[in-house]
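Chemist: Give me a model of this one.
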Amino acid sequence: MIRYLTHSEIDKPKWDSSLDNCYNPLIYARSSYLDTVCDEWDALVMNDYDAMMPLPVRKKYGVYYVYQPFFCQQLGIFSKFLVSGFLVTKFLDALPDKFGYIDSQLNSSCSMDEYKNECITERKNHELLLLSTYEHHVRSFSENTKRNISKALKNELTFSRESAGDALVDFYVEQNGNKSPEVKQKDYLRFKELLKKPIGKEWQFLRVHNSQNETLAAGIFAGYAERLTYLMGASSEKGKELGSMQMLMNEVIKNAIDKYVVIDFEGSDIEGIARFYRGFGADEVPYFHYKENRLPALVRLLKR
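Modeler: Have a look, this model is predicted:
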């Protein structure tokens with residue numbers, strides 16, 4: 001049986017314990033993560049938390065809707081069992097009528113074989129499976145990636161681990177903030193708050209800089225279960241010229257080999273970014289963007 005629970009009805013210790021035992025756990029679904037990045041979240045829960053679907057919720061003009069929070073690439077269904085197309089259909093059909101609009105990105109383990117319709121758009125993620133030695137992975141790097149790593153080393157750039165992430169978030173906003181105007185200052189403040197919480201295995205705050213201590217590239221990673229997830233990163237124009245981000249990712253891979261099974265790069269549909277991740281041997285892994293407009297026809301027309 002699938003039940004709809006409001007936020008106050010969710011047993012968060014049981015939620016987190018069940019997520020830890022799911023076959024497809026992602027750090028985005030940890031209760032503390034959701035508490036920080038969402039305005040509020042409800043959930044669909046099957047039986048005794050055997051399968052769960054977090055529902056970030058908002059209300060606008062009297063209408064409740066499910067939305068996808070920033071810094072939270074994939075949600076959807078997390079389960080102790082295979083997330084079959086049948087199970088996905090059951091959960092999506094169980095979404096309460098109170099929600100007039102649903103915008104949710106379902107994690108890559110959610111099979112959409114039985115739910116192909118106009119509500120579904122396929123998105124692209126890239127993941128690197130760590131099943132061998134670092135030397136083996138280097139042989140899978142593209143020539144361009146190897147060339148940029150060599151360039152960074154030749155220019156004596158330095159890779160370092162930082163104790164906090166605030167300065168790296170500020171660096172990201174400075175370099176890339178104008179590319180995402182929909183992300184507001186309050187959203188970045190929420191993300192900074194998130195980085196101070198003990199969620200999962202670890203936070204990694206990483207930086208590449210020159211001899212003048214000028215930041216050229218920065219990356220923020222979250223470790224949870226067997227997955228290291230790349231949540232935010234950027235490089236300056238000078239950093240791009242010197243191969244700083246390739247150097248940073250190379251160090252991440254080198255240090256993740258014995259700790260994680262997967263490095264999740266979080267994207268991308270943009271070919272240039274996808275090519276960057278493929279340069280490290282990452283594979284394309286699809287996930288699905290689900291949008292359902294349940295608003296009355298007149299309201300739907302006005303919303304356009």
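
Chemist: Tell me where the stretch 1-150 of the chain has helices.
Modeler: 12-20, 31-37, 85-93, 134-138, 143-154 (DSSP state H, counting those that start in this stretch).

Chemist: Okay, buried residues for the last one please.
Modeler: In this case it means helix 143-154. Buried positions in helix 143-154, judged by neighbour count with 16 or more other C-beta atoms under 10 Å: Thr145, Lys146, Asn148, Ile149, Lys151, Ala152. The way it works is simple: take the backbone N, C-alpha and C, and place the C-beta from them, glycine included.

Chemist: and which of these is nearest to Cys110?
Modeler: Nearest to Cys110 among these, counting by C-beta to C-beta, is Thr145 at 31.0 Å.

Chemist: gap between the closest one and Gly223?
Modeler: Thr145 sits 23 Å away from Gly223, going by C-beta to C-beta, to the nearest Å.

Chemist: just the helices of the stretch 1-150 of the chain: most buried one?
Modeler: helix 31-37 (a mean of 19; mean count of other C-beta atoms under 10 Å).

Chemist: Packing partners of that helix?
Modeler: helix 12-20, strand 51-60, helix 185-194 (3 or more C-beta pairs under 8 Å, 6 or more residues apart in numbering; DSSP states H and E).

Chemist: Mind putting those into JSON lines with mean pLDDT?
Modeler: Below are the helices and strands packed on helix 31-37 laid out as JSON lines (pLDDT from 0 to 100):
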{"stretch": "helix 12-20", "mean pLDDT": "98"}
{"stretch": "strand 51-60", "mean pLDDT": "97"}
{"stretch": "helix 185-194", "mean pLDDT": "97"}
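
Chemist: With distance to Phe265 as extra columns, can I get the helices of the stretch 1-150 of the chain in TSV?
Modeler: Formatted as TSV, these follow (distance: least, C-beta to C-beta, whole Å):
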stretch	distance to Phe265
helix 12-20	22
helix 31-37	18
helix 85-93	24
helix 134-138	14
helix 143-154	13
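
Chemist: out of these, nearest to Ile2?
Modeler: Comparison of the helices of the stretch 1-150 of the chain against Ile2 by C-beta to C-beta identifies helix 85-93 as nearest, at 6.2 Å.

Chemist: Contact partners for the nearest residue to Val88 once chain neighbours are set aside?
Modeler: Nearest non-adjacent residue to Val88, counting by C-beta to C-beta, 6 or more residues apart in numbering: Cys110, 5.2 Å away. Cys110 is in contact with Gly76, Ile77, Val83, Val88, Tyr287, Phe288, counting by C-beta atoms under 8 Å, 6 or more residues apart in numbering.

Chemist: What does the pLDDT read for the first one?
Modeler: Just to be clear, that refers to Gly76. Reported pLDDT at Gly76 in the predicted model: 97.

Chemist: List the contacts of the closest residue in space to it that isn't next to it in sequence.
Modeler: The shortest distance from Gly76 to any non-neighbouring residue, by C-beta to C-beta, 6+ apart, is to Leu106 (3.2 Å). The contact partners of Leu106, taken as C-beta under 8 Å, 6+ apart, are Gln74, Leu75, Gly76, Ile77, Val88, Met112, Tyr287, Phe288, His289, Tyr290.

Chemist: which one of those is nearest Leu189?
Modeler: Nearest member of the contacts of Leu106 to Leu189, counting by C-beta to C-beta, is Leu75, at 21.6 Å.

Chemist: and the closest residue to the closest one other than its chain neighbours, what is it in contact with?
Modeler: Of all residues not flanking Leu75 in the chain, Pro54 sits nearest, at 5.4 Å (C-beta to C-beta, 6+ apart). Residues counted as contacts of Pro54 (C-beta under 8 Å, 6+ apart) are Ala29, Leu34, Trp41, Asp42, Ala43, Leu75.

Chemist: Go again with 6 Å.
Modeler: By C-beta atoms under 6 Å, 6 or more residues apart in numbering, Pro54 lies in contact with Ala29, Leu34, Trp41, Ala43, Leu75.

Chemist: The last one: how many residues sit nearby?
Modeler: Using other C-beta atoms under 10 Å, Leu75 has 27 neighbouring residues.

Chemist: how much space between it and His289?
Modeler: Per C-beta to C-beta, Leu75 is found 11 Å from His289.

Chemist: quick one on the thing from earlier: dump the helices and strands packed on helix 31-37 to CSV, plus distance to Asp269.
Modeler: Output for the helices and strands packed on helix 31-37, formatted as CSV (distance: least, C-beta to C-beta, whole Å):
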stretch, distance to Asp269
helix 12-20, 27
strand 51-60, 21
helix 185-194, 21
